[in-house]
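Trainee: Structure for this input, please:
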Amino acid sequence: MPINQQILLDNRPTGEAQASNFKLVQSETPALSDGQVLVRHHFMSLDPYMRGRMNDAKSYAQPQPLGAVMQGGTAGEVIESRHPKFSVGDKVVGFGGWQQYSVVDATQPGSLKKVDTTHVPLSHYLGAVGMPGVTAWYGLVKIIAPKAGETLVITAASGAVGSAFGALAKARGCRVVGIAGGADKCKYVTDELGFDACIDYRQHPDAKSMSLALKEACPKGIDGYFENVGGYIFDAVLSRTNAFARIAMCGMIAGYDGQPLPLANPSLILINRLKVEGFIVSEHMEVWPEALAELGALVGSGKLRPRESVAQGIEAAPEAFLGLLKGRNFGKQLVKLI
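Mentor: Numbers count the residues shown, from 1 in each chain. Sure thing, here's the model as predicted:
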């Protein structure tokens, strides 16, 4: 059995996460029992939600255990199988974590899924045609529930969730406005992803300036908002919402280091009769087949062209993750392991 390199959560961060919070170790991969599958990971997914789980605090999920492999999505290949439904060479996605190999109990429903890489690259199953894509789909379809002609806004527009959201929203006849960091990301959002406009938050560092930029980009106001960031951008968006606007609360990355994120004017929720709903996509597995079918078709037809930032080697994962939290990635952040 192969030697497995793994990254553990060694200690919890205080304030900003640091590379010293992680520890790289080696271990022997155990022999398989009946029903188990050995997967060699080709790609690891890095996602903002992982920062929240590093804290020992009440949240929607249990904290990442200390001394255990960092949890996260993986895509790879079966190299040994003792389960009748999986064969050597099958391409699969699962939740193998920050390690080169994982032993998966394939008898557990949903623990491992075979994927077709004929038209969709394997890595995309961790992004546009995976959890981030379904996250965008659920927030858009089930919470915002847009009508053709409405104006929708999303933060982190150039990332894995944002790019999928743009393609899905344009397919429904909406005006779509992104918010992203930097001229290059904004150009990608409009020129390649097909958004109608993109606002560079680095040029608008406070709520007043951002509100004015939103007024220009959204002359008819905002009907739907997909929130990934929080902070002053949320305040600015609230100031531009139309009556009965819908807000899908997906992430609050501005607060992941532990500081509170107060709202400047929460009375706007009442004044504009807003619907504000938080969601965790893993609690809605019933929609995944429908969402993945639409997302796969968008990628296969070229209507969704997701970009990826790829770090090389497992030892690069901590710094790539810290960069993701600061917006240094361009598109979906992955670690390539082969």
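Trainee: Is the residue nearest the centre of the chain in a helix, a strand, or coil?
Mentor: Centroid check for the chain by C-alpha atoms, centre = their mean gives residue 132 as the closest residue, at 4.0 Å. Residue 132 falls in the helix class when you classify it by DSSP: H, G, I helix; E, B strand; the rest coil.
Trainee: i'd like the first residue to be 662 from this point on
Mentor: Sure, I'll start numbering at 662, so the last one becomes residue 793.
Trainee: could you check the distance from it over to residue 786?
Mentor: 10 Å (C-beta to C-beta, to the nearest Å). C-betas here are computed from N, CA, C, even on glycine.
Trainee: cool, and residue 756?
Mentor: On the measure of C-beta to C-beta, residue 756 and residue 786 end up 12 Å apart.
Trainee: which residues do those two both contact?
Mentor: With C-beta atoms under 8 Å, 6 or more residues apart in numbering applied, the contact sets of residue 756 and residue 786 do not overlap.
Trainee: Neighbour count for the two, which is higher?
Mentor: A direct count of neighbours by other C-beta atoms under 10 Å for residue 756 and residue 786 places residue 786 higher, at 28 against 16.
Trainee: Please name the residues that touch the more buried one.
Mentor: Contacts of residue 786 (C-beta under 8 Å, 6+ apart): 736, 754, 776.
Trainee: nearest to residue 888, of these?
Mentor: For those, the closest approach to residue 888 (C-beta to C-beta) belongs to residue 754, at 26.5 Å.
Trainee: What residues are recorded as beta-bridge partners of the closest one?
Mentor: Beta bridges link residue 754 to residue 736, residue 774 when assigned by DSSP bridges.
Trainee: right, and it touches residue 733 too?
Mentor: No - assessed by C-beta atoms under 8 Å, residue 754 is found out of contact with residue 733, at 11.6 Å.
Trainee: Which residue ranges make up the domains of the protein?
Mentor: Per the record, the chain has its domains at 664-787+967-997, 792-943, by automatic domain parsing.
Trainee: measure the first one end to end?
Mentor: Its start and end residues considered, domain 664-787+967-997 measures 17 Å (C-alpha to C-alpha, to the nearest Å).
Trainee: One more: the last one?
Mentor: The first and last residues of domain 792-943 sit 8 Å apart, counting by C-alpha to C-alpha.
Trainee: Please work out how many residues are found near the closest residue to residue 891 other than its chain neighbours.
Mentor: Excluding its sequence neighbours, the residue lying closest to residue 891 (C-beta to C-beta, 6 or more residues apart in numbering) is residue 913, at 3.6 Å. Counted with other C-beta under 10 Å, residues neighbouring residue 913 total 17.
Trainee: ok, residue 913 touching residue 890?
Mentor: Yes - counting by C-beta under 8 Å, residue 890 is a contact partner of residue 913 at 6.9 Å.
Trainee: need the helices for the protein, in chain order.
Mentor: Ranges of helices within the chain are 710-714, 792-799, 821-832, 844-852, 868-878, 893-899, 928-932, 949-961, 978-986, based on DSSP state H.
Trainee: State the distance from residue 950 to residue 876.
Mentor: Going from residue 950 to residue 876 by C-beta to C-beta gives 40 Å.
Trainee: quick one, which of the two is more surrounded?
Mentor: More crowded of residue 950 and residue 876, by other C-beta under 10 Å: residue 876, with 14 against 9.
Trainee: Pull the contacting residues for that one.
Mentor: By C-beta under 8 Å, 6+ apart, the neighbours of residue 876 are residue 901.
Trainee: Please report how far it lies from residue 673.
Mentor: Noted for residue 876: a distance of 42 Å to residue 673, by C-beta to C-beta.
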